[in-house]
Structures are given as C-alpha cells and as structure tokens.
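> Have a look at this prediction, sequence included:
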2 protein chains.
Amino acid sequence: MGIKEDVMKMKLVSPKLAASSNEERNAALDAIAEALKANTDEIFAANHTDMENADANGVTHAVKKRLKFDEGKLNACLEGLEQLKGLTDPLGRTLLKRELDEGLVLHKVTCPIGVIGVIFEARPDALVQIASLCIKSGNCAILKGGKETAESNRVLFRIIRDAVTKAGLPEGILLQAEAHSEIDELLSCEGYVDLIIPRGSNAFVSYIMEHTKIPVMGHADGVCHIYVDKAYDEAKLVPIVLDAKLQYTAACNAVETLLIDRSVADKVIPVLSQAFGENGIKVRGTAEVTKLIPAEEMGEADFHKEYLEPVVSVKLVSGVEEAVEHINRFGSHHTDSILTEDADTAEYFQNMVDSAGVYWNCSTRFSDGFRYGFGAEVGISTSKLHARGPVGLDGLVTYKYKLYGHGQTVGQYASGEKQFHYKELQ
Amino acid sequence: MGIKEDVMKMKLVSPKLAASSNEERNAALDAIAEALKANTDEIFAANHTDMENADANGVTHAVKKRLKFDEGKLNACLEGLEQLKGLTDPLGRTLLKRELDEGLVLHKVTCPIGVIGVIFEARPDALVQIASLCIKSGNCAILKGGKETAESNRVLFRIIRDAVTKAGLPEGILLQAEAHSEIDELLSCEGYVDLIIPRGSNAFVSYIMEHTKIPVMGHADGVCHIYVDKAYDEAKLVPIVLDAKLQYTAACNAVETLLIDRSVADKVIPVLSQAFGENGIKVRGTAEVTKLIPAEEMGEADFHKEYLEPVVSVKLVSGVEEAVEHINRFGSHHTDSILTEDADTAEYFQNMVDSAGVYWNCSTRFSDGFRYGFGAEVGISTSKLHARGPVGLDGLVTYKYKLYGHGQTVGQYASGEKQFHYKELQ
C-alpha cells in the first residue's frame, strides 16, 4: 500500500487549506504546542527506543546528538512555534493592485505553493519545524524523515496531525512517508506534488533531482569560499577562517576553499599555517602553495570538492578579479565571503560573485534561516529560481492574479472600442 | 561547431552584465532602436526572402501574418523599446535591509537570473522583444527562433548584438542558435544556462521539459475554463464566452471548457447553442449535455484536451464547488473565469481555483503581459515556482543576500558571547 492515492486526495484538499485564515493556522500551531507538551512522555519514550537502536548500531556520538530529542530540543521547538505564530501572515498579501481600465482591476496576491514533499535528515526537531512552517504558509506537506529516528517521527507526526485536525484545519493536509520505497513513489507524483525539498548529502539530493519531474528546491553542493584580499585586516583573518571551517565542519555553509591575494601570501600563509596546525586542519593546495606551506598538492578539478571535514583547499590569486572568476567557476553559488578593508573591492566582490550569499568580513556560517531572522528554514536553495539562500515562509508561497471585471472582452480592446489605462491603486 | 563553448564563456561574462547600470542598459535599448531604424531596408529584404520561402512552402495566410515584419511591426517594436526604457530598473532593488546585530547588516537585493535560453516561434518581432527584455533585466540570452523566419532572425540578431556591444555592454551577452540540433546542445548546458523559456506547442514544450536538467519556465497546456454560475448575468454571457473562444482560437488563454450550473442549464444552453451555431463553434459534451444541445458525446478524460480550434467542451455541474473541483482536476492551472453577480461565490471561486489567473466576469483572453501592463512578456508560466502567469521583467530577476560584517563569527553567537537583535532598517 503506497502513498500516491493519499497524495492525490491531498492535492484536492490543498485549496481548502490555502483559503484558511491566519487565525485558523495560528490556532493549529497553538494546538501543536499544547499536544507536544501533553505528550512528552510518549515522545521521549519513542526517542529513547531510537537512541537504543542507534547504540546497538554503533552510531557515532556526533550523529547521536542530532537524533536525541530531549527537554532542551522540545523547548526550542515550542519557542519556534511561538515565533512562527508571531510572524506576519505570508498569504493574501497584495503585491500589485492595478486598474487596467475602468471596472477592470488586477490584483496580484500571495498564496501557498500547494503540496510540498520534504525529505529530511534524522532529526526529530526538523519534523516539527518543517510541519509548522508548512502549516503557517498554508501548504500541505508530505514528510519523510531519516530512518534512524523512525520511532520518534511516527509519534511526533501522529501528535501533530491529530492536533492540527482537532484545531479545525482540513483533514489530509499532512502525510508521513515511512518506507524508503515511498521516496520513489513520491518522486513520481508529478501533477499532484508542486515542490520537493530534499535535505541531505550531495549524492542524495542529486539522486532526487535526477529522478523526478517535480520541481526541486535545495542544494547539492556547498563549496563556499573565503577570499583574503590584499587589504585584509589581520585581526579578522584567523577568527573568521577558523569559524567558517571548524564551527560546524559538516555544514553546507562551512568554507572549503581559501583564495589568497598573492601579494600578501607571505604574510597570510604563515599565520594561517600555524592556526591550521593548532586546530588539526589539513591543507591541500596548488603547487605554488605547497612551496609555502606543508600541504598536499591538488589538481584544479579538486576545487569543486566539498570536504565537510577539517580539510581546506588553498590557492593564490592575482587579485579580486581572479578570485571572482575562480568562485563563479568552481563554487556552488551558495555563500562566499571577502576579507578586506577596501569598500570598493568588497562592492566589486559582492556584485560579481554569483552566489546566494555574498559576504564582507564575516564567516560563511551565517547563511542560515535562524540567523537571518526568518524564524526557521526548510532548507537552503542554490537555485536562482523562486527562493535563493535560506528558505523561510517567503520561499513557501507563490502568487495568483485575480482579475475583477464587469463583462469586458479582449475584442473590445483589440478593436480600439476601449483602451487600457494603467493606474496603480496602491 | 556548436554553441556550448560560447555559452560557457557567456556564463563568465554574465556577472559583468549583472553589474551594469540602468543607464547603460537603457543606452543599449536606445542603440537597438537606432540600429533598427537605420537598417530597415536590410531587415525588410531578409523578411521578404522568408515570405517568399513561405509561399513556396504553401504556408497558410494565418501563419504568414506572424512571419511578416513590416513597418507596422517595426513601429510596435520601437514603441516597446521606448516603454521598456521607461520602466523602473528591476535590478538592485533592496527587498530587505535588516540589522542582525550591531555592525552585521543583511541586504536582500534583486539581481538578474544570469543566462537564459529562449526558444520561440517564427515571429521576428518576438526576437526583438525577448532580446530587449533580457537586456533591460541584465540577463545574457541565447535566442533560438522559428526556422520559417531564419533570414529575418539572422539580420535582426546581428543588428541588435552589434548595437548592444557598440553601446558599451560586454561582448558575448547575446547568442543566436540557428540549427535545430543546437536546441539539444542548449538543453545539455546545465551549470551554464540558468533558465530555459520554451514557447510553442504542447508537444514541443513537453519535449523541452523532459530533455533538460536546466529549470524550465513556461506552460505546456492551456486548458482554460469558464464557469457559468446560477447567478450569472445574461448580458455578459455570450460576449465573454465568444471572446474567450474565438478572439484568438490558437492562444493558450482561449477557453476550452464551459461548466454550467445545472439549475440554469435550460436557460443558458439554448442561448449558447444559438451563438455557437452562428459562429461555427463545434460543441462536445457529457451525455447529459448531448440531450440538451446538438453535441458530440465525450468521455471524462477528454476534458484534459486543449483544442486550439473553434471547439468547446461543455459539462453541467451542481454548483461552484463542483466547478472548482473539475477545474483543479482537469485544468492546466493557467486562467479560469467565473460569470456570476454573487460576490461571495466569486470570492470562493477566486480563492479555491488553483490557477495563475482567476477571473470574475471577464474573458480568459486577458492573461497576457501587455494587457497586464508589464510592457511585454517572455511567456506565460503555469509553474508555481518563481514566476506565475505572464512573465515580464519581474520574472527575469532573482535576488542575492549581501551580509556586511566587521569580523563576526558564528561561534560568538553560538557561545552566547553575542546575541542577535533583529532590527528592520527600512
């Protein structure tokens, strides 16, 4: 028994959710919070089972930190729900109100995307966040979490779905996919699912992108750069580079490649070399770099590589132009930063680098929905269409054109009997 | 010799065009207008050759009207260029300006999509419009027009490309694809081309969508509906239905299906039947309809059909709910209209129908970039992502996040040493 039939029903229910009011959707968020609080014992018990299974399977300590759903994570979820409730309704915003002619008025109004499938990593708190972002933005959601938290997901999903229905939202607006085979089934639901958001490894996201006709939002690679310009500030250099590489090595916004202006390489390289040594960061670089610092020599194609480990690629460049060209050629259009005290050089870099995030004198690690103040994110997009960078509520809505007439036909305008006059009404 | 190498170069040039000013891009539009005026003889001669070839190939009068490029079409192009020049710069608009913390400021700024491939029908004026929309929005463009206007396209493209370069924009920002084989080459340019916009038949657009990993914007089908509610106004009925079906039968926004409230069918059907008879419109319908009107009986699956001919499908429904459900199930999410004098019913219809255009008491034929006052359009999108409905300048831009720091690291915030405070700066 698969999920396709339920997805087809969901598609027909989705306009009802789209037509719900902000008050109704906020009441559902409240209901989720109440239900989570009322059922903590059951949730923690399910998570305990997942943690025991993880132990039995020899899962590492780092991964177990993500699987764990405790009082702290629950409180963070409750805080997130409260924040989300406070955000302005993303739906029904009038983006344009234009009189085309007397009695013929065009409105461009935001509305939900419709039905969204989200495939995410084994993190129970992610399930709560994604479900609530979709509810707030009026989108039906099909949720598929990582198998390592299957027990937690099952309990959390049931609690959330029941709470939302009891709060008065239409039935069938949330679905859970549990079996891995249901991913392929989900990918074949074109026409019923409007958007797939995959989160996970490069290989996984690439697989999704190549096996569906449904639009996919997300990112496969996160090859982020820091360019150290000749006008760099010494005090900022080591803290930013270490933060971008080490603060969370496995993150997509961690830095992978350092580009250094050749004219300051003899000052920059020894300082970085010492910092790398002290922090266990392995260096790879071009032949030129290996002469200045203990490093493994690498070929050009390796600059496409996302390490997600304490390894960094280093290359010397002749200035900001070459840095920009390297980034646009080898980067993944995610997040790139320049260290410089020269405002003109920074402006050139931020205008010319073709990435979702272009930073000046700060760590690449800032590209994140929470840090941008979006309340939460469903993912980070390196696509240029629709949403780019961290995707919050704004990235989960689209718009429709409503035209209000009084019997007008196009023939009247084609014949010259009537003329359009465009008048902005707001 | 293919176009891929030039496309790869274009990708690296595109940030330079993105960084150009509105004045520079407007100067290029002026240069195009001047060059078109200075070279009319050559343009008309080339078009003459295309028209002769069309005659030799027995092309119909209707199609020849689209191939023809005469004084009237030239003037419309010049007017379009002037209008486009007057439109606000779509680039560099600040969508968000937020202080995340002292000295850490986030800007969300519009920028071009980058490199766009447009494959369009045999209409020389379309080449001028598309090229100028791309220039104004700072996008590099690869243009592939219909083969029936090959001579006109070649001359127009050369004139436009030379004018733009002479006006000071970077070289290599416009490319022309001429051979049909170059379409497949273009479709394989993922990573270098950011967006493909195909215009043409359902089969052609579907082919494009299925043969590329590059995002595609456009529409395959245009199955548009008119729902005649029980509270319809008799005076509006026939003019709107005839306009929607006949004003331009081959257009994607022409109506294909009429849904009629069963309770008024005995009044509506005879009136429409007479109008259809007088205007040579063939009727197809459900078994129920064939009992009320001379009509060919059709099965349910045929309601997915786009006729693009003077043929209309008719079905009786029990009210606005069933109408909405039919449209969401069988429509193509393009443009649908309701005829009613009841504001609540209209509101229900406009909220619940999941289409790019939801109209009240007017013809579906209004969904068009010119009629919406966008100056021009590169196409109409039935996708929900990015741009929906007629796509003008706004649909050709995306945004990037610029973060301005003073040495901040994420570690400082993770450790609690610093706290985000979110302050909107505009």
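Received it, and whenever you're ready, just let me know what you need. Keep in mind it's a predicted model, so treat the numbers as computed, not measured.
> For residue A:282, which non-adjacent residue is closest in space?
Among residues not flanking residue A:282 along the chain, residue A:311 sits closest, at 4.6 Å (Cβ to Cβ, 6 or more residues apart in numbering or on different chains). (Glycine included, C-beta is placed from N, CA and C.)
> where does the stretch 101-250 of chain A come near chain B, residue by residue?
A:104, A:106, A:113-114, A:194-195, A:209-210, A:213, A:215, A:217, A:233, A:235-236, A:239-240, A:242-244, A:247-248 (Cβ under 8 Å from any Cβ of the partner chain).
> Show the contacting residues for the residue nearest to residue A:282.
Going by Cβ atoms under 8 Å, 6 or more residues apart in numbering or on different chains, residue A:311 touches A:281-284.
> For residue A:356, which non-adjacent residue is closest in space?
residue A:389 (3.9 Å).
> Then residue A:340?
residue A:229 is the one closest to residue A:340 (Cβ to Cβ, 6+ apart), at 3.6 Å.
> Can you check the pLDDT for that neighbour?
Here the pLDDT value assigned to residue A:229 is 98.
> likewise residue A:394?
So residue A:394 comes in at 89 (pLDDT).
> Also residue A:1?
Here the pLDDT value assigned to residue A:1 is 53.
> Mind giving me the packing neighbours of the helix or strand of chain A with the lowest mean pLDDT?
Sorting the helices and strands of chain A by mean pLDDT, DSSP states H and E puts helix A:61-67 at the bottom, at a mean of 84. If you count contacts as 3 or more Cβ pairs under 8 Å, 6 or more residues apart in numbering or on different chains; DSSP states H and E, helix A:61-67 packs onto helix A:40-56.
> can you give me the helices for the stretch 1-150 of chain A?
Ranges of helices within the stretch 1-150 of chain A are A:4-18, A:22-38, A:40-56, A:61-67, A:71-86, A:124-136, A:150-166, based on DSSP state H, counting those that start in this stretch.
> Now do the second one: which elements does it pack against?
Packed against helix A:22-38 by the contact rule (3+ Cβ pairs under 8 Å, 6+ apart) you find helix A:71-86, helix A:124-136, helix A:150-166.
> right, so those: which one is the most enclosed?
Of all those, helix A:124-136 has the most neighbours on average by mean count of other Cβ atoms under 10 Å in any protein chain shown, namely a mean of 25.
> average pLDDT for that helix?
Helix A:124-136 shows a mean pLDDT of 94.
> what about the helix or strand where residue A:245 lies, distance to the chain center?
Using DSSP states H and E, residue A:245 sits within helix A:234-246. Mean-position distance between helix A:234-246 and its chain equals 24 Å (Cα atoms, centre = their mean, to the nearest Å).
> Could the C-alpha coordinates of it be exported in PDB?
C-alpha atoms of helix A:234-246 as PDB (Å, rounded to 0.1, in the frame of the first residue of the first chain):
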ATOM      1  CA  GLU A 234      44.900  40.800  10.300                       C
ATOM      2  CA  ALA A 235      42.700  40.800  13.400                       C
ATOM      3  CA  LYS A 236      39.800  39.300  11.400                       C
ATOM      4  CA  LEU A 237      41.700  36.700   9.400                       C
ATOM      5  CA  VAL A 238      42.200  33.800  11.800                       C
ATOM      6  CA  PRO A 239      38.900  34.000  13.700                       C
ATOM      7  CA  ILE A 240      36.800  34.100  10.600                       C
ATOM      8  CA  VAL A 241      38.700  31.400   8.700                       C
ATOM      9  CA  LEU A 242      38.600  29.100  11.700                       C
ATOM     10  CA  ASP A 243      34.900  29.700  12.400                       C
ATOM     11  CA  ALA A 244      34.000  29.100   8.800                       C
ATOM     12  CA  LYS A 245      35.900  25.900   8.700                       C
ATOM     13  CA  LEU A 246      35.500  24.500  12.200                       C
END
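> With that, I have no additional questions.
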